[in-house]
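Novice: Need a 3D model of the sequence below.
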Amino acid sequence: MPSNSPKTDSSPVSVLGLGLMGTALATALIGAGHPTTVWNRTKSKTGPLAAQGATPADTARDAITAADLVIVCLTTNDNVRALLAPEADALAGRTVVNLTNGTPGQARELAEWAAAHGITYIDGGIMAVPQMIATPGAYIFYSGTDEAAFETHRPTLAALADTKWVGKDPGLAALYDLSLLTGMYGMAMGVAQAFAMIRSEGIPARELAPLLTDWIIAMTRGLVPEGAEALDTDQHLTDVSNLAMNREAFPNFTTAFAEQGLHTDLFEPLQDLLDRAVEQGHGADGFSRMALLLNKD
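Specialist: Now for the predicted structure:
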């Protein structure tokens, strides 16, 4: 029976799923000196890792039984459940670290399923692209009901990226992960709209890029920490740029987009939020109020 005894720096580990991220994870483990067993549905993907010293497994079960720690990185959590369910007996007593991107609800469901089969389940959210794995700046959120198991395997997991334990609710790693990604995607859409705007007059995007970078950094320095403080203290009044002012100015954006031959879809929901904020009596508040307006209740 596998145990949760303390691991050494050469603890064996198995990796299931060898897409770009899974391959990066396995490569980091090999580089850190861990005996690494790898499995992928398309077996040819194990070749490059085998050349680095990994042991390719013919089946998922072979990979599972090769180590106490099993890292899973697939496309969706539906794929994770489909892969692991037939192997529940082999996984019993082992620790599964699921680094597949998913939702808090999916993580909790997988944790419940694992517990029912005697499997220790830890969910993870990777804050890095594959090229960043095992480099400074990369980190991974982890959560699960068994913090002791996480601490046991933490030295091994540290070979991948900095480790950030966020709590015993299995869904918290995904919550942190998706919260940060939400900010990233929102920013990416704003950047896309800005580039479309400047290019509508034939100006190269590269001319705007340094200005846009400096502007975003300057704005987020205040918007993020001050917004968080305002939300946590429920103090939203501002003397800088309140929602009523922004509501009046905002039609300039969608009008200009239309004049320049651009779609306005990305920004129209923000106009709706500004309208609602002012109509509900929050015109003197800052942007922190918008987060509360996103709550369905």
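
Novice: where are the low-confidence patches of the chain?
Specialist: Regions of the chain meeting the criterion pLDDT under 70 cover residues 1-9.

Novice: As a quick check, tell me the outermost residue of it.
Specialist: Distance to the chain centre peaks in the chain at residue 259, reaching 36.6 Å (criterion: Cα atoms, centre = their mean).

Novice: Quick one: residues contacting it.
Specialist: For residue 259, the set of contacting residues under the criterion of Cβ atoms under 8 Å, 6 or more residues apart in numbering is empty. Where you see a C-beta, it was placed from the backbone N, CA and C, and this is true even at glycine.

Novice: let's see 10 Å
Specialist: Taking Cβ atoms under 10 Å, 6 or more residues apart in numbering as the criterion, residue 259 is in contact with residue 200.

Novice: again with residue 113
Specialist: For residue 113, the contacting residues are 81, 84-85, 88, 119, 121, by Cβ under 10 Å, 6+ apart.

Novice: So it, which state does it fall into?
Specialist: Reducing the assignment at residue 113 to three states with DSSP: H, G, I helix; E, B strand; the rest coil gives helix.

Novice: Next, find the distance separating it from residue 164.
Specialist: From residue 113 across to residue 164, the span is 25 Å (Cβ to Cβ, to the nearest Å).

Novice: on that earlier part again, which of the contacts of residue 113 lies closest to residue 217?
Specialist: residue 121 (38.4 Å; Cβ to Cβ).

Novice: Assign a three-state SS to the closest one, would you?
Specialist: For residue 121, the secondary-structure state derived from three-state DSSP is strand.

Novice: Hmm, it is touching residue 110, no?
Specialist: Yes: in this structure, residue 121 is within contact of residue 110 by Cβ atoms under 10 Å, at 6.1 Å.

Novice: Common neighbours of the two, please.
Specialist: By Cβ under 10 Å, 6+ apart, residue 121 and residue 110 have these common neighbours: 84, 96, 98, 170.

Novice: residues touching residue 179, list them.
Specialist: Under the criterion of Cβ under 10 Å, 6+ apart, the neighbours of residue 179 are 125, 141.

Novice: mind checking how far it is from residue 104?
Specialist: In this view, residue 179 and residue 104 are 10 Å apart by Cβ to Cβ.

Novice: Cool, thanks, signing off.
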